[in-house]
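Visitor: Pasting the sequence and the predicted coordinates here, then a few questions.
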Amino acid sequence: MRAMFHTVAPRYNFITRAFSYGMDGRWKRIGVTRAHLPERPKVLDLASGTGDFSFLVHRHYPGSRSIAVDLTERMLQLARARGLPHAVCADAGILPFADSSFDCVFIGYGLRNFPNLQQAISEIRRVTRPGGMLVSLDFFLPANLLLRRLYLAYLYAQGVFWGFVLHGQATSLHLHSRLAQILRFD
Ligand SMILES: C[S@@+](CC[C@H](N)C(=O)[O-])C[C@H]1O[C@@H](n2cnc3c(N)ncnc32)[C@H](O)[C@@H]1O
């Protein structure tokens with residue numbers, strides 16, 4: 001998992017915008033505005049990638065303090081290069097924070113990547129204050145079988161297409177179709 005995100009990190013934001021036809025930013029903004037946080041919230045941006053949620057929270061709550069956490073150091077380097085001061089390399093299953101540290105935990109397309117989901121949820125619960133909130137943005141499979149097949153075929157084709165466009169290599173084809181595969185969340 002870490003090796004794959006290390007490889008795609010420099011193109012990750014572009015791929016996400018392209019896969020979502022540019023809607024990704026709007027979905028994240030909706031997540032932040034609907035969270036109704038306190039005036040100066042303390043927020044954990046978990047599986048942060050390059051820190052989109054941290055930047056949006058800061059824009060809506062200038063007095064906020066956000067900590068970005070990701071397993072992939074290269075993603076965090078890009079987050080720091082974008083101007084994010086607090087970026088920590090850690091596993092969602094063992095979070096290096098005290099109990100009740102955060103008002104809210106944001107996760108963008110992250111839950112599906114955690115090898116032990118229960119352990120990660122239990123850590124999220126531990127570091128969130130009582131009455132705090134978890135906001136998770138993710139994709140789900142259509143319930144209808146035909147739509148589901150079409151959707152999975154479409155995701156696979158997207159992966160192959162972007163593998164060719166961005167790299168033109170067989171290894172990258174595998175990488176991007178694997179990326180499309182993990183978007184499935186089944
Ligand atoms: C699909 S990206 C999402 C990035 C960002 N949240 C966004 O919305 O664009 C998933 C991220 O989860 C990270 N990740 C995967 N497993 C993780 C784990 N066990 N703990 C923390 N981060 C993890 C990856 O390194 C990657 O940056």
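Guide: Alright, I've got the coordinates. As the structure is a computational prediction, the values presented were derived from the model and not from experiment.
Visitor: Quick one: mean pLDDT over stretch 26-44.
Guide: Throughout stretch 26-44, pLDDT has a mean value of 96.
Visitor: what does it contact?
Guide: Outside of stretch 26-44, the residues within contact range by C-beta atoms under 8 Å, 6 or more residues apart in numbering are 20, 52-54, 56-57, 60-61, 63-67, 69, 95, 97, 101-106, 108, 127-128, 133, 135, 137. Every residue, glycine included, has its C-beta placed from N, CA and C.
Visitor: Show me those that map onto helices.
Guide: Under the assignment DSSP state H, those contribute 52-54, 56-57, 60, 127 to helices.
Visitor: Buried residues of stretch 147-155, list them for me.
Guide: Residues of stretch 147-155 classed as buried: 151-152, 155 (neighbour count, 16 or more other C-beta atoms under 10 Å).
Visitor: Looking at those residues, which one is closest to the ligand?
Guide: Nearest to the ligand among the buried residues of stretch 147-155: Leu155, at 13.3 Å, using C-beta to the nearest ligand atom.
Visitor: Pretty sure the closest one sits in a strand.
Guide: No - membership of Leu155 in a strand is not supported by DSSP: H, G, I helix; E, B strand; the rest coil, which gives helix.
Visitor: hang on, the earlier thing: buried among the contacts of stretch 26-44? Make that a PyMOL selection.
Guide: Those of those that count as buried under 16+ other C-beta under 10 Å are selected in PyMOL with:
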select buried, resi 52+53+54+56+57+61+64+65+66+67+69+95+97+101+102+103+104+105+106+108+127+128+133+135+137
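Visitor: Distance check, the spatially closest residue to Cys104 that is not a sequence neighbour against Gly22.
Guide: Counting by C-beta to C-beta, 6 or more residues apart in numbering, Met133 is the residue found nearest to Cys104 once chain neighbours are left out, at 4.5 Å. Going from Met133 to Gly22 by C-beta to C-beta, to the nearest Å gives 27 Å.
Visitor: neighbours of Ala81, just the number please.
Guide: 9 (other C-beta atoms under 10 Å).
Visitor: In what element of secondary structure is His43 found?
Guide: Careful, residue 43 is Val and not His. For Val43, the host element (DSSP states H and E) is strand 42-46.
Visitor: about what we covered before: can I get the buried residues of stretch 147-155 in a markdown table with pLDDT and distance to Leu145?
Guide: Shown next, in a markdown table, are those (pLDDT from 0 to 100; distance: C-beta to C-beta, whole Å):
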| residue | pLDDT | distance to Leu145 |
| --- | --- | --- |
| Tyr151 | 88 | 11 |
| Leu152 | 87 | 11 |
| Leu155 | 82 | 16 |
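Visitor: okay if I get those residues as CSV plus distance to Met4?
Guide: Shown next, in CSV, are those (distance: C-beta to C-beta, whole Å):
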residue, distance to Met4
Tyr151, 22
Leu152, 19
Leu155, 16
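Visitor: What parts of this structure come near the ligand?
Guide: When proximity is defined by C-beta under 6 Å from any ligand atom, the chain lies next to the ligand at 1, 5, 16, 47-49, 52, 70-72, 75, 91-92, 108-110, 113-114.
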